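**Q** the sequence isn't on hand, but the structure is:
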């Protein structure tokens, strides 16, 4: 079988597994929400509401039906591309996600860029003198940033740069005194399209602290990965062969070792996207960033079943799609891989 057919067969198998994975994830979330302690009616009306009002609201929301009936309606809506309606404000879950997802994507993309640039720079800095001071400092940086609790790091950054120095806002996505840009939901892009410098600068000032905090925390992943793979590449036979031909060390590193060391980082990038979901939850909550992770935390506290289920399904689909795209890209760039 040719390599092209192998890639197509691999892609087809992953795409066929995608609905199964989403169904399993959605079913697991559906069951966990209903066996967890707490009642959505208590979150909506309080524990002291009259029983008649509680019963009427339960019937209105369909929570009086059997678990099997609720699960059947949930799967039927999911098959038709519907994620239900929020229990708290009767808003479509798709509208909730559509309003919150751009904020998370804007934060995640900038944080990922910061993590990649900073982590690769630190990881590459110690290659000239392995086991030297710079290499040791890079190792400590990689371990330290990866081990820091996100909520603690976020609060320290807020305290230093927002409270003590007053350079940047302590939280939020846009100042309440200005009208936010309209359009795609990506404030930086929308403000550039409209040509409003005040909106762009305000959006950027609110984005810097959470994106930089999350980016620094994730940069240790890229630092450690590049350091490990680059050292392994420099000890390989093909690099020794290049050195034996009289090539300079700079050319050996840049032309032979570095390209092969960067390939595994594509897979690391895909894994980091999944890490952004967990890390972004704590960052968004701490910075009051109105993204999808912040909305998920609110929905869990309000026992808003449809919103929690919809967000988890959408996020799972995005993570799986990114994983498939990264695997295919690595396969196209590295002909040694077999499926």
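**A** Right, received. Where do you want to start? Computed from a prediction, not measured in an experiment: that's the story for all the values here. Numbers count the residues shown, from 1 in each chain.

**Q** tell me which residue is most central in the chain.
**A** residue 276 (3.0 Å; Cα atoms, centre = their mean).

**Q** the nearest residue to that residue once chain neighbours are set aside: what's it in contact with?
**A** Sequence neighbours aside, residue 108 is the residue nearest to residue 276 in space, at 4.7 Å (criterion: Cβ to Cβ, 6 or more residues apart in numbering). In this view, the C-beta of every residue, glycine as well, is placed from N, C-alpha and C. For residue 108, the contact set (Cβ atoms under 8 Å, 6 or more residues apart in numbering) comprises 214, 273, 276, 280.

**Q** of the residues you listed, grab the buried ones for ChimeraX.
**A** Here is the ChimeraX command that picks out the buried ones among the contacts of residue 108, judged by 16 or more other Cβ atoms under 10 Å:
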select :214,273,276,280
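
**Q** the contacts of residue 108: which two are farthest apart?
**A** 214 and 273 (12.3 Å; Cβ to Cβ).

**Q** find the nearest non-adjacent residue to residue 218, please.
**A** Among residues not flanking residue 218 along the chain, residue 115 sits closest, at 3.8 Å (Cβ to Cβ, 6+ apart).

**Q** can you read off the pLDDT for that neighbour?
**A** Residue 115 is assigned a predicted lDDT (pLDDT) of 91.

**Q** next one: it from residue 146, what distance?
**A** 11 Å (Cβ to Cβ, to the nearest Å).

**Q** neighbour count for the two, which is higher?
**A** residue 115 (27 against 16; other Cβ atoms under 10 Å).

**Q** helix or strand right after the helix or strand in which the more buried one is found?
**A** Using DSSP states H and E, residue 115 falls within helix 93-125. Under the assignment DSSP H and E, the closest C-terminal helix or strand after helix 93-125 is helix 133-147.

**Q** rewinding a little: which element, helix or strand, includes the residue nearest to the centre of the chain?
**A** Per DSSP H and E: helix 258-286 holds residue 276.

**Q** how close does the residue nearest to residue 276 sit to residue 207?
**A** Remark: distance between residue 108 and residue 207 (Cβ to Cβ) = 11 Å.

**Q** what's the next secondary structure element after the helix or strand hosting residue 4?
**A** Under the criterion of DSSP H and E, residue 4 resides in helix 3-35. Moving toward the C-terminus from helix 3-35, the next helix or strand (DSSP H and E) is helix 40-45.

**Q** that next one packs against which elements?
**A** helix 51-61 (3 or more Cβ pairs under 8 Å, 6 or more residues apart in numbering; DSSP states H and E).

**Q** quick one, strands of the stretch 201-339 of the chain?
**A** Assigned by DSSP state E, counting those that start in this stretch, the stretch 201-339 of the chain shows no strands.

**Q** low-confidence regions, it specifically.
**A** Counting by pLDDT under 70, the stretch 201-339 of the chain shows low-confidence ranges at 274-275, 277-279, 334-339.

**Q** residue 210 is in contact with residue 283, isn't it?
**A** Yes - between residue 210 and residue 283 there is a contact under Cβ atoms under 8 Å: 5.3 Å.

**Q** before we move on, back to that, relative to residue 160, how far out is the residue nearest to the centre of the chain?
**A** From residue 276 across to residue 160, the span is 23 Å (Cβ to Cβ).
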